[in-house]
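>>> mind looking at a prediction? Sequence and model below.
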Amino acid sequence: MILIVDMNCKEDSLGYYEFVLPIIETIKCLGNWMVKHYLSLNPKEIGKSDAIILSGTPLKDTATLTQPEMFSWLKETDKPVLGICAGMETVGLVFGAPLKQCTEIGMTQVSTEKENPLFSGNFKVYSLHSICVEPTAEFEVWARSELCIQVMKHRSKQIYGTLFHPEVRNQEILKKFLQMPFL
């Protein structure tokens, strides 16, 4: 089962339709899935999942960034996790990575920095963020734009982050993540 965590500040917000539904549309053909809002997420649902996707949020919705303790389970989980935009920022915070202001809105050119199973080369992505994760030794940088890290992977866990929105453009990245051999 694929667990999609709604990272929007409220359940049933407009952000759900913009950031969660496109994930569902992209991955629903790949198996069972369920959506849980981060405020109602419990360890049982995390334990039953095969993979976890943390959704993005609107630009001004930074609620999860003020509540990193709600995501302390990331340090203990052995499940593959993909954090998208606010999800990547939250992952970074939980593992002690600093955040900084970095605004990119619209189509953004990304360059691959490290060979990986999700993408290669230079490609365009859809960005919608005003914050980014600063690099730390705990994460490998897989791709960058001119301004910031766009994709990272935890060095010892199957935890990934994309600052751009693969559910909008580059849906194959979501599908490849869910079809990687760790599942």
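Yep, that arrived. Numbers count the residues shown, from 1 in each chain.
>>> which residues in this structure form helices?
14-15, 21-27, 43-48, 86-94, 171-178 (DSSP state H).
>>> most tightly surrounded among these?
Most buried of those by mean neighbour count (mean count of other CB atoms under 10 Å) is helix 86-94; its value is a mean of 26. Yep, even glycine has a C-beta here, placed from its N, CA and C like the rest.
>>> and it, C-alpha only, in PDB?
What follows is helix 86-94, C-alpha atoms only, in PDB (Å, rounded to 0.1, in the frame of the first residue of the first chain):
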ATOM      1  CA  ALA A  86       7.200  21.000   1.400                       C
ATOM      2  CA  GLY A  87       7.800  17.300   1.900                       C
ATOM      3  CA  MET A  88      11.400  17.600   1.000                       C
ATOM      4  CA  GLU A  89      11.800  20.700   3.100                       C
ATOM      5  CA  THR A  90      10.300  18.800   6.100                       C
ATOM      6  CA  VAL A  91      12.600  15.900   5.600                       C
ATOM      7  CA  GLY A  92      15.500  18.200   5.500                       C
ATOM      8  CA  LEU A  93      14.400  19.900   8.800                       C
ATOM      9  CA  VAL A  94      13.900  16.500  10.600                       C
END
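>>> from the contact counts, what lies against it?
On a contact count with 3 or more CB pairs under 8 Å, 6 or more residues apart in numbering; DSSP states H and E, helix 86-94 meets strand 51-54, strand 81-84, strand 99-112, strand 122-133, strand 149-154, strand 159-162.
>>> any idea which of these gets closest to Pro68?
Between Pro68 and those, the shortest separation by CB to CB is 10.5 Å, and it involves strand 99-112.
>>> mind checking how far the closest one is from the chain centre?
Computed by CA atoms, centre = their mean, to the nearest Å, the chain-centroid distance of strand 99-112 equals 14 Å.
>>> can you check stretch 84-93 too?
Put simply, stretch 84-93 sits 6 Å off its chain's centre (CA atoms, centre = their mean).
>>> and for stretch 30-50?
How far stretch 30-50 lies from its chain's middle: 15 Å, per CA atoms, centre = their mean.
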